[in-house]
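1. predicted coordinates and the sequence they were generated for:
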Amino acid sequence: MEVVHRLRQAGHEALWAGGCVRDLLRGSEPTDYDVATSALPLQVQELFGRRRTHAVGISFGVIIVRAPKRGIQSVEVATFRTDSSYSDGRHPDSVSFSTAEEDAQRRDFTINGMFYDPFDDRVIDYVGGQTDLQLKLVRAIGDARDRFREDKLRMLRAIRFAARFAFQIESSTRNAIGECAGEVAVVSGERIASEIQASLQTSHAAWAVAEWADLGLLPVILPELAERWEERAAEASRLLNAMPTATWQTKLGGLLFATWGAQEQPVQLMKSRLKLSNSDANAIAFTVTSQPVLEQAHRLPWSQVQPRVIHPSFAEALALLDARCRLGLDPHCGDWLRHQLANIPELDPPPLVVGQDLQNLGLKPGPAFRVLLDRVRTLQLDDRLRNREQALEWLNTEIEGMDA
Ligand code: ATP
Ligand code: MG
């Protein structure tokens, strides 16, 4: 409100724009507010001062205006613009500053193309966004094929917004995605990854994956899945539907598990293509590769299960195991683990002995150290060595045996 007010006082047009208008009309609280204005970027900077502004995308006319107080979100202020040709399939080659009506035309979908005047409580809708919100449709503004040819990322955005709001994709928009799907290959791995992530985070993740597959996007964005999709699709979507609130890493792990079982290699391929961070890729790999141990946990020595349980991604692996249980895997598995977790006083007890103890027993530091300490740890976790005295005694016997 303050940003719009100051721009108007200085004689410019200013409106709330895009996602925040859509969210308000849907009755949900926007996560952030964007302002569109007739003021030029330099005028915006001058009006709010250099200290409050940050020229993130000066060439596109985007200035971030920081709130006057801490704890309030910044506002993105973008000058009304028209985008020129797109030669890289992602970004306009140049932009020219224009009017609100033209600015609406360069936006992606009708539901994202509206403005709102917060002082008059008035929606300014040049693109039919209000009707499409009511019809629950994601519809490209203008000719869908042209819009997807300009910026290929929009195809993934269409599916993401539809999955997020449980909307359908309007049929000519959807057909255009089908025609242009292969071109999504020009989009960077990171951008594809963030769309995949955001789509999986919605409660309609299974629908989004099915759309990627139906429209021909899957072979480009997740070839690991596409390769075996026909035979695995039913199982994979049942799995996603069985874990609606799981993290995106768990869901991606679930998809890979439904396709390739507990293998790690597909995760590594996906990691390098999508430029996933080590921590995301490790979480996914752990979720996938731990399934065989976790589902057999009640039959295995605790020393084999415990390292999985104390792993930072255990919650994710357990979420996948639970989903698998809900779909008919022995329901005992998840329950047994949970019971175990609730009843073990210390999941990761301190070791009974350390390297210094081995030296005190006369052993010289070397490879045998690690082996012995690991064996003591295993016996400790399996409750066969219960205290330090027992551990030292066991070590003594072992070392004597080695000497002999
Ligand atoms: P979210 O709540 O996910 O942030 P949003 O609608 O605010 O949704 P943003 O990606 O933050 O989405 O973009 C803000 C606005 O900018 C969109 O509502 C849309 O009007 C416009 N926009 C964003 N990306 C594109 C694009 N690739 N092509 C055309 N317009 C876009
Ligand atoms: Mg936004």
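-> Yes, it's here. Residues are numbered from 1 along each chain as shown. Ligands and ions are numbered 1, 2, ... in the order given.
2. how about low-confidence regions in the stretch 251-400 of the chain?
-> Counting by pLDDT under 70, the stretch 251-400 of the chain has no low-confidence residues at all.
3. ok, now with 90
-> Low-confidence segments of the stretch 251-400 of the chain, defined by pLDDT under 90: 326, 328-336, 340-341, 345, 362-368, 399-400.
4. tell me which parts of the chain are close to ligand 1?
-> Contact residues (C-beta under 6 Å from any ligand atom) of the chain with ligand 1: 18-19, 31, 34, 107-108, 112-113, 151, 153-154. All C-beta atoms are positioned from the backbone trio N, CA, C, and that covers glycine.
5. repeat that with 8 Å
-> Proximity of the chain to ligand 1 (C-beta under 8 Å from any ligand atom) is limited to residues 17-20, 22-23, 30-32, 34, 106-109, 112-113, 147, 150-151, 153-154, 157, 160-161, 164, 198.
6. list buried residues within those residues.
-> Buried members of the residues of the chain next to ligand 1, scored by 16 or more other C-beta atoms under 10 Å, are 17-20, 22-23, 30, 34, 106-109, 112-113, 147, 150-151, 153-154, 157, 160-161, 164, 198.
7. which stretches in the stretch 151-300 of the chain count as strands?
-> 168-169 (DSSP state E, counting those that start in this stretch).
8. point me to the residue of it nearest ligand 1.
-> Using C-beta to the nearest ligand atom, the closest approach of the stretch 151-300 of the chain to ligand 1 is made by residue 151 at 4.8 Å.
9. run a quick check on that residue versus residue 88, I expect a contact.
-> No. Using C-beta atoms under 8 Å, residue 151 is not in contact with residue 88; the gap is 9.3 Å.
10. separation between residue 49 and residue 222?
-> 46 Å (C-beta to C-beta, to the nearest Å).
11. so which of the two has more stuff around it?
-> Ranked by neighbour count (other C-beta atoms under 10 Å), residue 49 and residue 222 place residue 222 first, with 24 against 10.
12. which helix or strand contains residue 318?
-> Following DSSP states H and E, one finds residue 318 within helix 314-326.
13. for the helix or strand following that helix, packing partners?
-> As assigned by DSSP H and E, the chain's next helix or strand after helix 314-326 is helix 332-343. Using 3 or more C-beta pairs under 8 Å, 6 or more residues apart in numbering; DSSP states H and E, the elements in contact with helix 332-343 are helix 291-295, helix 302-309, helix 314-326.
14. what residue in the stretch 301-404 of the chain comes nearest to ligand 1?
-> For the stretch 301-404 of the chain, C-beta to the nearest ligand atom, closest residue to ligand 1: residue 316, 23.8 Å.
15. looking at it, that residue is touching residue 252, isn't it?
-> No. Assessed by C-beta under 8 Å, residue 316 is found out of contact with residue 252, at 10.1 Å.
16. of those two, who's got more company?
-> Between residue 316 and residue 252, residue 252 has the larger neighbour count (other C-beta under 10 Å), namely 31 against 23.
17. before we move on, the earlier item: among the buried ones among the residues of the chain next to ligand 1, name the ones in helices.
-> Among those, DSSP state H puts 19-20, 22-23, 147, 150, 153-154, 157, 160-161, 164, 198 in helices.
18. now, the most widely separated pair of the residues you listed?
-> 23 and 150 (25.0 Å; C-beta to C-beta).
19. go ahead and flag the most central residue of the chain.
-> In the chain, the centroid-proximal residue (C-alpha atoms, centre = their mean) is residue 197; its distance is 2.9 Å.
20. for residue 274, see how far away that residue is.
-> Here residue 197 is placed at a distance of 9 Å from residue 274 (C-beta to C-beta).
21. residue 142: which element?
-> Under DSSP H and E, no helix or strand contains residue 142.
22. before we move on, what about residue 54?
-> Using DSSP H and E, residue 54 falls within strand 53-57.
23. tell me which strands that strand pairs with, and in which orientation.
-> Here strand 53-57 is paired, per DSSP bridges, with strand 62-65 (antiparallel).
24. OK, contacts around the nearest residue to residue 248 once chain neighbours are set aside?
-> Sequence neighbours aside, residue 200 is the residue nearest to residue 248 in space, at 4.1 Å (criterion: C-beta to C-beta, 6 or more residues apart in numbering). Contacts for residue 200 (C-beta atoms under 8 Å, 6 or more residues apart in numbering) come out as 208-209, 240, 248, 251-252.
25. map the structural domains onto the sequence of this protein.
-> 1-135, 136-221, 242-348, 355-403 (automatic domain parsing).
26. tell me the most buried of those domains?
-> Sort these by mean neighbour count, taking mean count of other C-beta atoms under 10 Å, and domain 136-221 sits at the top with a mean of 20.
27. centre of the chain to that one, how far?
-> 16 Å (C-alpha atoms, centre = their mean, to the nearest Å).
28. try stretch 357-368
-> With C-alpha atoms, centre = their mean, you get 47 Å for stretch 357-368.
29. can I get that stretch as CSV, trimmed to CA atoms?
-> What follows is stretch 357-368, C-alpha atoms only, in CSV (Å, rounded to 0.1, in the frame of the first residue of the first chain):
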residue,chain,number,x,y,z
ASP,A,357,41.7,-47.7,25.1
LEU,A,358,43.3,-49.8,22.3
GLN,A,359,46.7,-48.1,22.8
ASN,A,360,46.4,-48.6,26.6
LEU,A,361,46.0,-52.3,25.8
GLY,A,362,49.3,-52.2,23.9
LEU,A,363,48.0,-52.1,20.4
LYS,A,364,49.8,-49.8,17.9
PRO,A,365,47.7,-47.4,15.9
GLY,A,366,46.9,-48.8,12.5
PRO,A,367,44.1,-50.3,10.3
ALA,A,368,43.3,-52.9,12.9
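30. wouldn't residue 288 be in contact with residue 267 here?
-> Yes. Residue 288 is in contact with residue 267 according to C-beta under 8 Å; the separation is 6.0 Å.
31. between those two, what contacts are shared?
-> Shared contacts of residue 288 and residue 267 (C-beta under 8 Å, 6+ apart): 253, 256.
32. in this structure, what residue is nearest ligand 1?
-> For the chain, C-beta to the nearest ligand atom, closest residue to ligand 1: residue 19, 2.3 Å.
33. all set now, cheers.
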